[in-house]
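Peer 1: coordinates only, no sequence provided:
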């Protein structure tokens, strides 16, 4: 019996150690993914034989903007999360490199009180991509993807709709992670007068829509959890 008890204790210890290791790996993973975003950006941005220094300068400008102290949700971590979601549908996208670069720039300009963040982000993307040697058609399509994140409405184009859904995937994460997202948004928008009331109204309107996610892939993954999360946030306002 003593030997059996010792064996059980060893098994529990091994499982507990494995769980701690897994949790540590899970927590560290987003940092690695941010590094991955930079690595892939540099690779794609260099494909037209652009000057290495120019490519680095473009990334640094992007990184600095996403790292601004006024940001709490629209950060490099948001890019890393968006990137993870895009990987789910990489094979379904018309042009992976175009979708990736559009993702990098989609919130590069973000001021909470502004209503033209997407327009300015698209302008900066166009400026950088032109300098990096991308075609007019490539740049125009990138602009369309970025602008689609302003309304998050179905377009009928699979790549665009997947892009929109990937951007919105945060709504369907587990509740504790969603609470962190909500706190970050509230902190970022604290400069907006009476934001709590506006946020509550927005959430209620959002819940009234027929679907939060456009594509079957993201609908099946996140729709139910997202609706529960939104309702929980609304209830917390009371």
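Peer 2: Sure thing, it's come through. What you see is a predicted model, and the numbers here were worked out from it, not measured in a lab. Numbers count the residues shown, from 1 in each chain.

Peer 1: just the buried residues of stretch 127-143, please?
Peer 2: Neighbour-count burial for stretch 127-143 flags 128-129, 132, 134, 138-139, 141-143 (criterion: 16 or more other C-beta atoms under 10 Å). (Glycine included, C-beta is placed from N, CA and C.)

Peer 1: typo on my end, it should be stretch 198-214
Peer 2: For stretch 198-214, the buried set under the neighbour-count rule, 16+ other C-beta under 10 Å, comprises 199, 203, 206, 212-214.

Peer 1: just checking, which of the residues you listed belong to helices?
Peer 2: Cross-referencing the buried residues of stretch 198-214 with the helices (criterion: DSSP state H) gives 199, 203, 206 as the overlap.

Peer 1: by pLDDT, give me the weakest of the residues you listed.
Peer 2: Comparing pLDDT over these, the lowest score belongs to residue 206 (93).

Peer 1: now that one: closest residue in space that isn't a chain neighbour?
Peer 2: The shortest distance from residue 206 to any non-neighbouring residue, by C-beta to C-beta, 6 or more residues apart in numbering, is to residue 230 (6.2 Å).

Peer 1: that neighbour and residue 172 touch, don't they?
Peer 2: No. Taking C-beta atoms under 8 Å as the definition, residue 230 is not a contact partner of residue 172, at 9.9 Å.

Peer 1: hey, what's in contact with both of these two?
Peer 2: With contacts taken as C-beta atoms under 8 Å, 6 or more residues apart in numbering, the residues that reach both residue 230 and residue 172 are residue 212.

Peer 1: ok so, going back, who's in contact with the host helix or strand of the residue nearest to residue 206?
Peer 2: For residue 230, the host element (DSSP states H and E) is helix 216-237. Outside helix 216-237, the residues that touch it by C-beta under 8 Å, 6+ apart are 85, 88-89, 92, 162, 165-166, 168-169, 171-175, 178, 182, 196, 199-200, 203-204, 206-207, 211-213.

Peer 1: check which element follows the worst-scoring helix or strand of the chain on mean pLDDT along the chain.
Peer 2: Taking mean pLDDT, DSSP states H and E as the measure, the chain has helix 2-45 as its least confident helix or strand, at a mean of 56. For helix 2-45, the following helix or strand on the C-terminal side (DSSP H and E) is helix 52-66.

Peer 1: tell me which residues in that next one are buried?
Peer 2: For helix 52-66, burial by neighbour count (16+ other C-beta under 10 Å) applies to 55, 58-59, 62-63, 65-66.

Peer 1: and those, which is closest to residue 80?
Peer 2: Nearest to residue 80, judged by C-beta to C-beta, of the buried residues of helix 52-66 is residue 66 at 10.3 Å.

Peer 1: can you tell me the closest non-neighbouring residue to the residue nearest the centre of the chain?
Peer 2: Most central in the chain under C-alpha atoms, centre = their mean is residue 82, positioned 3.1 Å from the mean C-alpha point. Setting aside the residues directly before and after it, residue 82 is nearest to residue 103 in space (C-beta to C-beta, 6+ apart), at 5.2 Å.

Peer 1: list the contacts for the one you found?
Peer 2: With C-beta under 8 Å, 6+ apart, residue 103 has these contacts: 79, 82-83, 86, 163, 166-167.
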